[in-house]
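K.L.:
Have a look; sequence and predicted model below, questions after that.
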Amino acid sequence: MNARVALQLSGIERHYGEGDTFLPILKGADLTLRSGETVALVAPSGTGKSTLLHIAGLLEHPDEGEVLVNGTSCNGLSDDRRTAIRRNEIGFVYQFHHLLPEFSALENIMMPQLIAGLPKAEAAERASALLDYMRIGHRGSHRPTELSGGEQQRVAIARAVANAPLILLADEPTGNLDPETAGYVFEALEALARQSGLAALIATHNHELASLMDRRVTIEDGKVVELK
Ligand SMILES: Nc1ncnc2c1ncn2[C@@H]1O[C@H](COP(=O)(O)OP(=O)(O)OP(=O)(O)O)[C@@H](O)[C@H]1O
């Protein structure tokens, strides 16, 4: 595949604790993610999936190694610059949706666009199109508590891609959903990646859903290893 490299992690090292509690988690992890590809990160609990996603998403610094987003090395950038790259290039989806409860589904999806300076009408139009794409166009005026778990998660995905990021990072996005809805959410992520050239890295414990992605990787002894 010759698509451009959206995210490159090289030689990532990360530990927690010191002295007696020293716990090395990532020990030279490498990963390349290209535009339009979906990669499942399937690894046992505690091996460092969330740690890797946080480092990839510029939420944490590695002890060693380099993170390149769209060719830009993020090592040594100011916090402001890292925040700007995160806002413009990276979307996040978590196991629990983290939607703002006092706003409607539509408003939740508009929010990142308004923060990015888009006019209200344009943000509303794009939010509405994303809701349609996720097949929940009829639920736009509802608040998160009025939506089912699967609907909430689809709103969260729509919000994560509202500013057309280059990279989508998802940490157990279907962990609390029933199998049918989980399959639906994975399909939506896949279709988005294919259509918009998004590069998606999705941590999941679900091997069946992982098999829907272009590639599967795991973490073994602190390194990223390709799964067949
Ligand atoms: N802030 C922290 N301080 C100390 N240890 C931590 C910290 N964050 C994570 N850890 C430990 O690092 C290891 C990796 O954590 P991480 O959350 O990345 O794993 P994971 O693969 O995402 O696990 P799960 O599938 O259970 O979410 C775990 O053993 C965890 O207890």
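P.N.:
Cool, got the structure. Numbering: from 1, shown residues only.
K.L.:
Every contact and neighbour count from this point should use C-alpha atoms.
P.N.:
Fine.
K.L.:
who's in contact with the closest residue to V69 other than its chain neighbours?
P.N.:
Distances taken as CA to CA, 6 or more residues apart in numbering place L7 nearest to V69, at 4.8 Å, with adjacent residues excluded. Taking CA atoms under 8 Å, 6 or more residues apart in numbering as the criterion, L7 is in contact with L31, T32, L33, R34, A56, V67, L68, V69, N70, G71, I167.
K.L.:
List the buried residues for the longest helix seen in the chain?
P.N.:
In the chain, taking DSSP state H as the definition, the longest helix is helix 179-196. Residues of helix 179-196 classed as buried: 181-193 (neighbour count, 16 or more other CA atoms under 10 Å).
K.L.:
Show me what the residue nearest the centre of the chain is bridged to.
P.N.:
Using CA atoms, centre = their mean, the residue of the chain that lies closest to the mean C-alpha position is L169, 1.5 Å off. With DSSP bridges as the criterion, the beta-bridge partners of L169 are F92, L201.
K.L.:
show me what contacts it?
P.N.:
L53, G57, I90, G91, F92, V93, A200, L201, I202.
K.L.:
For it, report the pLDDT, please.
P.N.:
The confidence metric pLDDT takes the value 95 at L169.
K.L.:
now swap in M1 and tell me
P.N.:
Model confidence at M1, expressed as pLDDT, equals 53.
K.L.:
With L209 instead?
P.N.:
pLDDT at L209 comes out at 85.
K.L.:
same deal with the one 4 residues further on?
P.N.:
The model reports M213 with a pLDDT of 91.
K.L.:
wait, is it part of a strand?
P.N.:
No: secondary structure of M213 (DSSP: H, G, I helix; E, B strand; the rest coil): coil, not part of a strand.
K.L.:
how far away is it from L201?
P.N.:
Taken as CA to CA, to the nearest Å, the spacing of M213 relative to L201 amounts to 9 Å.
K.L.:
who touches both of the two?
P.N.:
Where contact means CA under 8 Å, 6+ apart, the residues bridging M213 and L201 through contact with each are T38, V39, A40.
K.L.:
The first one reaches E190, doesn't it?
P.N.:
Yes: A contact is recorded between T38 and E190 when judged using CA atoms under 8 Å, the distance being 6.6 Å.
K.L.:
Give the residues shared as contacts by these two.
P.N.:
M213.
K.L.:
just checking, what packs against the helix or strand of the chain with the lowest mean pLDDT?
P.N.:
Lowest by mean pLDDT, DSSP states H and E among the helices and strands of the chain is helix 179-196, with a mean of 84. Under the contact criterion of 3 or more CA pairs under 8 Å, 6 or more residues apart in numbering; DSSP states H and E, the helices and strands touching helix 179-196 comprise helix 149-160, strand 199-203, helix 207-210.
K.L.:
Of the ones you listed, which stretch is the most buried?
P.N.:
Of all these, strand 199-203 has the most neighbours on average by mean count of other CA atoms under 10 Å, namely a mean of 28.
K.L.:
helices and strands around that one, which ones?
P.N.:
Packing contacts for strand 199-203, counted by 3+ CA pairs under 8 Å, 6+ apart, involve strand 23-34, strand 38-41, strand 167-171, helix 179-196.
K.L.:
Including distance to A84, could these go into TSV?
P.N.:
Formatted as TSV, the entries for these read as follows, by distance: least, CA to CA, whole Å:
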stretch	distance to A84
strand 23-34	20
strand 38-41	24
strand 167-171	14
helix 179-196	21
